[in-house]
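1. Need coordinates for the following:
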Amino acid sequence: MSTGAAAVEVVRGGLSDEQVEEVLGFWSSRGLEGDAARGLLPSVVCIAADDEGEVVGVNSVDDQVIPLVGRRFWDYRWVLADDSEELAAAMFNSAFEVLAEEFEPGGTGPIGLSVAIGRGEPMERGPETIWPDTELTFAGYLPDDRQLRIRYFWGATVEPGASSSPTIDQLAARNYEAEDRIRVEALAESDSVTPDDVLALWAREGVVAEAAAQRRIDQVHLVAIAGEHEIAGVSSIYLERSEQLRMDMWNYRTFVPSGHRHGSVGARLLFRNIEVLESRFRSGEDTRAQGILFDLENEDVMKGLNTAVWPLTGYTFIGENPLGAHTRVRYFEGARVLPP
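-> Here you go, the predicted model:
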């Protein structure tokens, strides 16, 4: 029995009587039998058969709320005759494609696929935070040290949207080019504004208490400037270990004062921070963090930008913090998952 030349067939909801017996026999040879096996038959998505027609792989899905992320996914399961990484990826991709066709944006069903993977299993594709052959994104470690990987359907949302919430296609087509009067600079290198100007802005807007402001001022990275000396936005970064991801990440904060919230200042700061930090990571100048993590606390923005993945930046929803804010991650190109 070999999985090398196996052919994958989608059987979602349509196993023939002959296939039922073949699947049950395959499962039985691997310790899954009886009522437990028969109960899984309706959830089978794909089977793989070798060149002699013998079943060498079966996958299935279960509609579950995944606690680490707090959203509904098709929890993906699979059994293979051999530890074939190529077949494991092909079966996952086939299952994802057929389930994506069933997906209805804005509906109440699962919004993607989730996979719990232990080290050395066929689905385990290496240390990359995003596996290129399956597009599975690392979302954190489970208590038993297995990785949780997720892949969202195109257009999936994680929060009920407002009537004005853009679709993922609209977000992907959006142009965030800065207005001529806005420029983004590193605060430490700016000749236009100073740390004292940032402190004054925070105090005037009432967003950061004085004691906290003094602690945070050294974390300010990039500022958006309007005209000669007006601060239109402030972004901060600080290095901190994520317990969910079990790795150090750049934690990101941004603040746009009330007079500039109708433009693209916040987006420009977000894009520029990604560009600068990723460039440092790829060059080896600063590899302390594998990406950027931030908690989105503004309820209007959570509803307005409610797609699971923000298409222009790749920021991906991986859960909520204890206060209910959306946690999103953006890994750098070449980022790697650290062993548990």
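2. C-alpha from now on. contacts and neighbour counts both.
-> Noted.
3. looking at it, Ala100 is touching Gly155, isn't it?
-> No: the pair formed by Ala100 and Gly155 falls short of the contact definition of C-alpha atoms under 8 Å, at 10.0 Å.
4. Of these two, give the one with the bigger neighbour count.
-> Gly155 (20 against 17; other C-alpha atoms under 10 Å).
5. Contact partners for that one?
-> Residues near Gly155 by C-alpha atoms under 8 Å, 6 or more residues apart in numbering: 105, 167-169, 307-308.
6. Widest-spaced pair of those residues?
-> Asp169 and Ala308 (12.7 Å; C-alpha to C-alpha).
7. Isn't Tyr141 up against Pro340?
-> Yes: proximity of Tyr141 to Pro340 meets the contact threshold set by C-alpha under 8 Å, at 7.5 Å.
8. Give the intersection of the neighbour lists for those two.
-> Residues touching both Tyr141 and Pro340 by C-alpha under 8 Å, 6+ apart: Arg246.
9. Which one of these two is surrounded by more residues?
-> Neighbour comparison, Tyr141 and Pro340: the larger count goes to Tyr141, with 20 against 14 (by other C-alpha under 10 Å).
10. and that one, backbone torsions?
-> Taking degrees, to the nearest 10, you get phi -100, psi 140 for the backbone angles of Tyr141.
11. For it, name its beta-bridge partners.
-> Counting by DSSP bridges, Tyr141 is bridged to Gln147.
12. quick one: it and Tyr176, what's the gap?
-> Note on Tyr141: its distance to Tyr176, by C-alpha to C-alpha, to the nearest Å, is 35 Å.
13. contacting residues around stretch 159-173?
-> Around stretch 159-173, the neighbours that count as contacts under C-alpha under 8 Å, 6+ apart are 154-155, 302-307, 310-312.
14. Quick one, which of these are buried?
-> Listed as buried from these are 154-155, 302-307, 310-311; burial here means 16 or more other C-alpha atoms under 10 Å.
15. With pLDDT, distance to Gly120 and secondary structure as new columns, can these be given to me in a markdown table?
-> Output for the buried ones among the contacts of stretch 159-173, formatted as a markdown table (pLDDT from 0 to 100; distance: C-alpha to C-alpha, whole Å; DSSP: H, G, I helix; E, B strand; the rest coil):
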| residue | pLDDT | distance to Gly120 | secondary structure |
| --- | --- | --- | --- |
| Trp154 | 97 | 29 | coil |
| Gly155 | 95 | 32 | coil |
| Met302 | 92 | 37 | helix |
| Lys303 | 91 | 39 | helix |
| Gly304 | 89 | 40 | helix |
| Leu305 | 92 | 37 | coil |
| Asn306 | 95 | 35 | coil |
| Thr307 | 96 | 33 | strand |
| Trp310 | 96 | 31 | coil |
| Pro311 | 95 | 31 | coil |
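16. From start to finish, how long is stretch 155-165 in a straight line?
-> For stretch 155-165, the end-to-end distance is 12 Å (C-alpha to C-alpha).
17. Check the offset of it from the chain's centre.
-> Centroid displacement of stretch 155-165 relative to its chain, using C-alpha atoms, centre = their mean, to the nearest Å, is 17 Å.
18. buried residues in that stretch?
-> Those would be 155-159, 161, 165, for stretch 155-165 by 16+ other C-alpha under 10 Å.
19. quick revisit: let me know the closest of the contacts of stretch 159-173 to Ala211.
-> Minimum distance to Ala211 across these is 28.5 Å, recorded for Met302 (C-alpha to C-alpha).
20. Spit out the contact partners of that closest one.
-> Counting by C-alpha under 8 Å, 6+ apart, Met302 touches 159, 296, 326.
21. Can you add pLDDT and give those residues back as TSV?
-> Below are these laid out as TSV (pLDDT from 0 to 100):
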residue	pLDDT
Glu159	92
Leu296	92
His326	97
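22. hmm, back to that, Asp169 and Ala308 - which one has more neighbours?
-> With neighbours defined as other C-alpha under 10 Å, Asp169 and Ala308 compare such that Ala308 has more, 24 against 11.
23. about what we covered before: sitting in helices, which of the contacts of Gly155 do you find?
-> Here DSSP state H is the test, and the contacts of Gly155 give 168-169 as lying in helices.
24. Tell me the one of the contacts of Gly155 nearest Leu113?
-> Nearest to Leu113 among these is Ala308, at 12.5 Å by C-alpha to C-alpha.
25. ok now stretch 92-112, how far from the chain's centre?
-> Remark: stretch 92-112 is offset 16 Å from the chain centroid, using C-alpha atoms, centre = their mean.
26. start at 15 instead
-> I'll keep to 15 as the first residue from here, and by that count the last item is stretch 106-126.
27. Buried residues, that stretch. List them.
-> So stretch 106-126, judged by 16+ other C-alpha under 10 Å, has buried residues 106, 108-110, 113-114, 117, 123-126.
28. Inside strands: which ones of these?
-> Cross-referencing the buried residues of stretch 106-126 against strands under DSSP state E gives Gly126.
29. Show me which of the buried residues of stretch 106-126 has the smallest pLDDT value.
-> Minimum pLDDT for those is recorded at Gly123 (94).
30. And it, how far from His274?
-> Applying C-alpha to C-alpha, the value for Gly123 to His274 is 38 Å.
31. want to throw the buried ones among the contacts of stretch 173-187 into CSV with distance to Arg218?
-> Listed next are these as CSV, based on distance: C-alpha to C-alpha, whole Å:
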residue, distance to Arg218
Trp168, 41
Gly169, 39
Met316, 25
Lys317, 27
Gly318, 27
Leu319, 28
Asn320, 30
Thr321, 33
Trp324, 32
Pro325, 34
